[in-house]
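J.: below are the sequence and a predicted model for it; my questions follow.
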Amino acid sequence: MKILAIIPARGGSVGIPTKNIQKLAGKPLIQYTIDAAKKSKLVNRIIVSTDDKKIARIAQKLGAEVPFLRPKNISKSTSTQISFVKHAIEYLKNHESYEPDIIIILHPTQPLRTACDIDRSIRLLKKSKSDIVLGVMKIKTHPYRSFWLRNNYLKPFRKDFLKFYQRQKFPKLYFPTGYVYTFWYSTYVKYGQIYGPKITPMLLRDKDIFLDIDYPFDLFMGEMILKNWRKYQRRFTSNE
């Protein structure tokens, strides 16, 4: 099967300038995602979709393809995810007659994602009858505990919020982590987007570390995790 990994890495970033190539534990942030994709046993093509020439050069040195520079009009902070997916698919189809069987979107802001995560999502898609496999995590801060701000006063998100006084009473909700968006090319062709009606979750467990790089503090946290977490973790697992 032709399995294509698309790594979106636009040059502009509001939270961290040139975020995707900022150093994290001595490596450009994007390298963690490219390396994970290269170690995958199932992915057989990796492209980076970027509008930035410097990111393109770094990505190519790291072993990813950069067959095009993404147009600026779909590289804004307001640009939708489907816009860069559509551009990449149409470019490869028109210029190379290349049409993959499976596409996986790997955001470079997830440095802790592994090749095993990538392959697990692909195997899950193959085994399921779904249109897409979405990396998700159980929500911790539940919206039923939220408030609206109305005329400088807080109003409960739900009028019956008092009955949810225990965490165990909340209905289970999940949010996308951004780890993986793994879908059939036929899903895109049929629906014109990456989602179809059948979405299979790839659930991150409570013990898994979730890190999404958006702000300088996230880079700091990532640095501490990469340098110290395994050694620190042994304090709690040595007696098991």
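T.: Nice, I can see it.
J.: do a quick rundown of the strands in the protein.
T.: Listed in chain order, the strands of the chain (DSSP state E) span 3-8, 23-24, 27-28, 45-49, 102-105, 132-138, 147-150, 153-156, 174-184, 199-204.
J.: TSV for those, including distance to Ala64?
T.: (Glycine included, C-beta is placed from N, CA and C.) Shown next, in TSV, are these (distance: least, Cβ to Cβ, whole Å):
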stretch	distance to Ala64
strand 3-8	7
strand 23-24	17
strand 27-28	12
strand 45-49	5
strand 102-105	13
strand 132-138	20
strand 147-150	44
strand 153-156	47
strand 174-184	17
strand 199-204	23
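J.: for His95, find the nearest of those strands.
T.: Across the strands of the chain, His95 has its closest neighbour in strand 45-49 (12.1 Å, Cβ to Cβ).
J.: and the closest one, what does it pack onto?
T.: Strand 45-49 is packed against strand 3-8, helix 29-39, helix 53-61, helix 81-96, with contacts defined by 3 or more Cβ pairs under 8 Å, 6 or more residues apart in numbering; DSSP states H and E.
J.: who are the packing partners of the shortest one?
T.: Read it as strand 3-8. helix 29-39, strand 45-49, helix 81-96, strand 102-105.
J.: please save the CA atoms from that strand in PDB.
T.: In PDB, the C-alpha atoms belonging to strand 3-8 read as follows (Å, rounded to 0.1, in the frame of the first residue of the first chain):
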ATOM      1  CA  ILE A   3       1.100   5.300   2.700                       C
ATOM      2  CA  LEU A   4       1.900   9.000   2.600                       C
ATOM      3  CA  ALA A   5       2.800  11.000   5.700                       C
ATOM      4  CA  ILE A   6       2.200  14.800   5.300                       C
ATOM      5  CA  ILE A   7       4.000  17.000   7.800                       C
ATOM      6  CA  PRO A   8       2.500  20.600   7.800                       C
END
